[in-house]
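Trainee: Just need the structure, nothing else, for what follows:
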Amino acid sequence: MKLQLVHCAVCIFEDEEISKKPPGIEPKAAQPITIEPTSESLLDPELAQLVSLFEHIELDATFQSPIQLKRDYLQEHLGLESRELKLLLDKARETGILTQLTINKDYRSWLRNSKHKGCLLVMTCVEKGDHQRDDLVDAYCRTVLERRDQLISLGHELNDVIVMPNAHLTHPDELETVSQNCENVIARIIKGLQTHNLRVLEGSFGYGKRVRLVIMGHPKAYSFRQV
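Mentor: Numbers count the residues shown, from 1 in each chain. Next up is the predicted model:
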């Protein structure tokens, strides 16, 4: 089994249908995965309370936030009447182009001032014979925990782990192509990780992904392991 371990401040995965499925793999959808820093994790409680007011602002509910939408400004610059502006804002929200207003986060500074130090993304490639190995789960968990412990210090937390199937880490001839074998291996791994008080999220099989990652670019941010 081959692993790529990545330390991330943000991990967002959403499944996307693709026309060509991997041979021998039965597609298995997963719930969208979203992990990103929140104000609740900040060490300074007063700062956390302030930041929380700016953290999530719906475009059509700015009256409930510290941010006010200046409709007069928009009408003047766009040359629209009030009713026309409302229709345009509705269109922006319905099409998904503009749904909310967000703050710009300096993730390195954010994690520096947070007790939660992001998450560990583990790109996982199941190879032939892995489903027959009795030592696999222990070796996998040991590898993940060692990297997690290298990334945090006393009093800090990094308990979110994403197990993402990724066939591209090995040669096609070495790839396990039996869907049931792959799923059984991943299920065993997840159960093993959970015994170490980790919150484990599982990626899907056989689906394309819309992905957003914010990777902390330090010497231990990336590592490749064969277990």
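Trainee: Can you give the strand pairings for the worst-scoring helix or strand of the chain on mean pLDDT, parallel or anti for each?
Mentor: Lowest by mean pLDDT, DSSP states H and E among the helices and strands of the chain is strand 100-101, with a mean of 84. Strand pairing for strand 100-101, determined by DSSP bridges: strand 57-58 (antiparallel).
Trainee: mind checking how far the strand it pairs with is from the chain centre?
Mentor: In terms of C-alpha atoms, centre = their mean, to the nearest Å, the centre of strand 57-58 is found 21 Å from the chain centre.
Trainee: Could you say which helix or strand holds Val10?
Mentor: For Val10, the host element (DSSP states H and E) is strand 2-16.
Trainee: next structured bit after that strand?
Mentor: In the C-terminal direction, the helix or strand that comes right after strand 2-16 (DSSP H and E) is strand 33-35.
Trainee: Which elements pack onto that following strand?
Mentor: For strand 33-35, the packing partners by 3 or more C-beta pairs under 8 Å, 6 or more residues apart in numbering; DSSP states H and E come out as strand 2-16, strand 160-165. C-beta here means a position set from N, CA and C on the backbone, and glycine is covered the same way.
Trainee: quick revisit: and the strand holding Val10 with strand 160-165, angle?
Mentor: Interaxial angle, strand 2-16 versus strand 160-165 (axes from the mean of the first three to the mean of the last three C-alpha atoms, to 10 degrees): 90 degrees.
Trainee: And strand 2-16, what's buried?
Mentor: 2-15 (16 or more other C-beta atoms under 10 Å).
Trainee: Remind me what the helix or strand that comes right after the least confident helix or strand of the chain packs against, helices and strands.
Mentor: Note on strand 100-101: by DSSP H and E, the next helix or strand toward the C-terminus is helix 107-112. Judged by 3+ C-beta pairs under 8 Å, 6+ apart, helix 107-112 is in contact with strand 2-16.
Trainee: Is it possible to get a markdown table of the helices and strands packed on strand 33-35 that adds mean pLDDT?
Mentor: Shown next, in a markdown table, are the helices and strands packed on strand 33-35 (pLDDT from 0 to 100):
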| stretch | mean pLDDT |
| --- | --- |
| strand 2-16 | 94 |
| strand 160-165 | 96 |
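Trainee: can you pull the pLDDT of Pro23?
Mentor: Residue-level confidence at Pro23 comes out at 62, pLDDT.
Trainee: now the one 10 residues further on
Mentor: Reported pLDDT at Ile33 in the predicted model: 93.
Trainee: now the one 5 residues further on
Mentor: What the model reports as pLDDT for Thr38 is 90.
Trainee: Now do the contacts for it.
Mentor: Glu55 (C-beta atoms under 8 Å, 6 or more residues apart in numbering).
Trainee: got the phi/psi numbers for it?
Mentor: Dihedral pair for Thr38: phi -120, psi 160, per degrees, to the nearest 10.
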